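Colleague: Okay, structure incoming, though there's no sequence with it:
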């Protein structure tokens, strides 16, 4: 009987390990699919003559993020006193830690494969870099952007990730960020803001007399599709951050996270659309799309503790803030073609500040410390890198190339060649 019980415990341990590993991988795949969402959203919100280049940026930055995080980023983010300056490849491609415990059914058995953890983490760093892409669209040199991606994904993001999820000082101070409103989204927005300030606005965006000229995107159906893809991928983003699924309590928690994530996105859409109607007298689709994303960013800091109704309200506040932020940035001549800084930065800050209202273990002091630290590090480090790139290789295309479109200047092809006569 004792042997039978041991066998049963071992089988149960292996089953739970398999379930949690599979769940982790599926959630990672959903987050990876967000790369397609960012690509479609940005391609829809830029002009036709810049579509190929922004698609190239999105697929290239994903590949760079995956490679740099493998080479050094993951090790920096989850380093230890026993580590060194070089990546611990054995942790990634060697034997799994805790295999014997899993096979024996021990209490110290890990929940999931360490490789699945790496895969889940690597798609997060790619998400942070994708945020930068849209903000600097239509006037940045492709290779300068990709050079920045190397540093952002290999060093800048992993350092602040270590301070938080890696067990660093922000974690010890009580900073709470469940799935990355600050660690991923605000960090991406901070890097984007630094890049936009160095880069400057698109030609013709702001007039000499202070007027703001709208530069509409070329394909709103594509932008809407991108938003829905991001909405779908966010279930993996937040749901996967629960880390396991194989017991009743965790399964219920994952279900709550999914419900709250969806509710916040819906609240963001409704709130942004109402504000746009009251302010602009029109139902602005782009504001509705950004409202959905702002709601999702806001709830990401804590999608488990609130009720579904409270989550809707959190998302709704994010939707209101994003409309005001987009308009305000335009007024101070910070040109962000897709609203990325507002969506991921302002809504990210709001999401972090909303955590203590629902989570008794969180404090406003720790949240503010995290906000200031992450923004300060990412913004200043990014600003330095952007300035170095500007001095060494230049970061902005020529005025003629910008007028003709960066598709031809950077990629030598157009996304819509049959409509080339009207691309300007």
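Modeller: Structure's in. What do you need? Computed from a predicted model, the values in this text were never measured in an experiment. Residues are numbered from 1 along each chain as shown.
Colleague: measure the nearest residue to residue 178 once chain neighbours are set aside to residue 30 for me?
Modeller: Nearest residue to residue 178, sequence neighbours excluded (Cβ to Cβ, 6 or more residues apart in numbering): residue 302, at 5.0 Å. Where C-beta positions appear, they are placed from N, C-alpha and C, glycine not excepted. Taking Cβ to Cβ, to the nearest Å as the measure, residue 302 falls 20 Å from residue 30.
Colleague: who's more crowded, those two?
Modeller: Per other Cβ atoms under 10 Å, whichever of residue 302 and residue 30 has more neighbours is residue 302, with 27 against 19.
Colleague: Pretty sure that one sits against residue 238.
Modeller: No: using Cβ atoms under 8 Å, residue 302 makes no contact with residue 238, being 9.6 Å away.
Colleague: mind showing which ranges of this protein have poor pLDDT?
Modeller: 1-7, 9, 79-112, 420-424 (pLDDT under 70).
Colleague: can you point me to the longest helix in it?
Modeller: helix 2-45 (DSSP state H).
Colleague: hang on, the earlier thing: anything in contact with each of residue 302 and residue 238?
Modeller: Common contacts of residue 302 and residue 238 (Cβ atoms under 8 Å, 6 or more residues apart in numbering): residue 178.
Colleague: and the residue nearest to residue 178, what does it touch?
Modeller: Here residue 302 is in contact with 176, 178, 351, 354-355, 358-359, 362 (Cβ under 8 Å, 6+ apart).
Colleague: Nearest to residue 129, out of those residues: which one, please.
Modeller: Closest to residue 129 out of these is residue 351 (19.7 Å), distances taken as Cβ to Cβ.
Colleague: Export the contacts of residue 302 to a markdown table and append columns for secondary structure and distance to residue 416.
Modeller: A markdown table is the format used below for the contacts of residue 302 (DSSP: H, G, I helix; E, B strand; the rest coil; distance: Cβ to Cβ, whole Å):
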| residue | secondary structure | distance to residue 416 |
| --- | --- | --- |
| 176 | coil | 46 |
| 178 | coil | 41 |
| 351 | helix | 37 |
| 354 | helix | 42 |
| 355 | helix | 44 |
| 358 | helix | 46 |
| 359 | coil | 48 |
| 362 | coil | 48 |
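Colleague: Buried subset of these, written for PyMOL?
Modeller: The following PyMOL line selects those of the contacts of residue 302 that are buried, judged by 16 or more other Cβ atoms under 10 Å:
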select buried, resi 176+178+351+354+355+358+359+362
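Colleague: Redo the contacts of residue 302 as CSV? Include distance to residue 121.
Modeller: Shown next, in CSV, are the contacts of residue 302 (distance: Cβ to Cβ, whole Å):
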residue, distance to residue 121
176, 18
178, 15
351, 20
354, 25
355, 21
358, 26
359, 23
362, 23
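Colleague: roughly how far apart are the residue nearest to residue 178 and residue 394?
Modeller: The gap separating residue 302 from residue 394 is 42 Å, by Cβ to Cβ.
Colleague: ok, residue 211 to residue 170 distance?
Modeller: Distance, residue 211 to residue 170, using Cβ to Cβ: 43 Å.
Colleague: and these two? which has more neighbours close in?
Modeller: The residue with more neighbours, out of residue 211 and residue 170, is residue 170; 23 against 8, by other Cβ under 10 Å.
Colleague: show me the contacts for that one.
Modeller: 163-164, 366, 369-370, 373-374.
Colleague: Same check on residue 301?
Modeller: For residue 301, counting by Cβ under 8 Å, 6+ apart, the contacting residues are 176-182, 348, 351-352, 354-355.
Colleague: Taking those residues, tell me the two that lie furthest apart.
Modeller: It's 180 and 354 that sit farthest apart of those, by Cβ to Cβ, at 14.4 Å.
Colleague: which one is residue 266 nearest to, not counting chain neighbours?
Modeller: Per Cβ to Cβ, 6+ apart, closest to residue 266 is residue 312, 6.5 Å.
Colleague: could you point out which element follows the helix or strand hosting the one you found?
Modeller: Assigned by DSSP states H and E, residue 312 belongs to helix 308-331. In the C-terminal direction, the helix or strand that comes right after helix 308-331 (DSSP H and E) is helix 340.
Colleague: Now do that next one: which elements does it pack against?
Modeller: helix 114-135, helix 187-199 (3 or more Cβ pairs under 8 Å, 6 or more residues apart in numbering; DSSP states H and E).
Colleague: In terms of secondary structure, what does the longest one contact?
Modeller: Applying 3+ Cβ pairs under 8 Å, 6+ apart, we find helix 114-135 packed against helix 2-45, helix 51-68, helix 74-77, helix 89-93, helix 142-151, helix 157-164, helix 187-199, helix 340.
Colleague: For the residue nearest to residue 178, which three-state class applies?
Modeller: The local conformation at residue 302, judged by DSSP: H, G, I helix; E, B strand; the rest coil, is coil.
Colleague: and residue 234, what is it in contact with?
Modeller: 34, 261, 265, 296, 300.
Colleague: roughly how far apart are it and residue 325?
Modeller: Relative to residue 325, and taking Cβ to Cβ, residue 234 is found at 20 Å.
Colleague: and what of residue 377?
Modeller: 22 Å.
Colleague: the more surrounded of the two?
Modeller: residue 325 (21 against 16).
Colleague: Enumerate every residue touching that one.
Modeller: Here residue 325 is in contact with 341-342, 345-346 (Cβ under 8 Å, 6+ apart).
Colleague: try residue 336
Modeller: Neighbour list for residue 336: 134-135, 192, 196, 326, 329, 342 [criterion: Cβ under 8 Å, 6+ apart].
Colleague: what does residue 204 give?
Modeller: 213, 215.
Colleague: helix, strand or coil for it?
Modeller: coil.
Colleague: and residue 238, what element?
Modeller: helix 220-239.
Colleague: buried stuff in that helix?
Modeller: 222-227, 229-231, 233-239.
Colleague: that older thread, which one, of the helices and strands packed on helix 340, ends up nearest to residue 413?
Modeller: helix 114-135 (18.7 Å).
Colleague: I'd like the distance from that closest one to the chain centre, please.
Modeller: Here the centre of helix 114-135 is set off from its chain's centre by 7 Å, with Cα atoms, centre = their mean, to the nearest Å.
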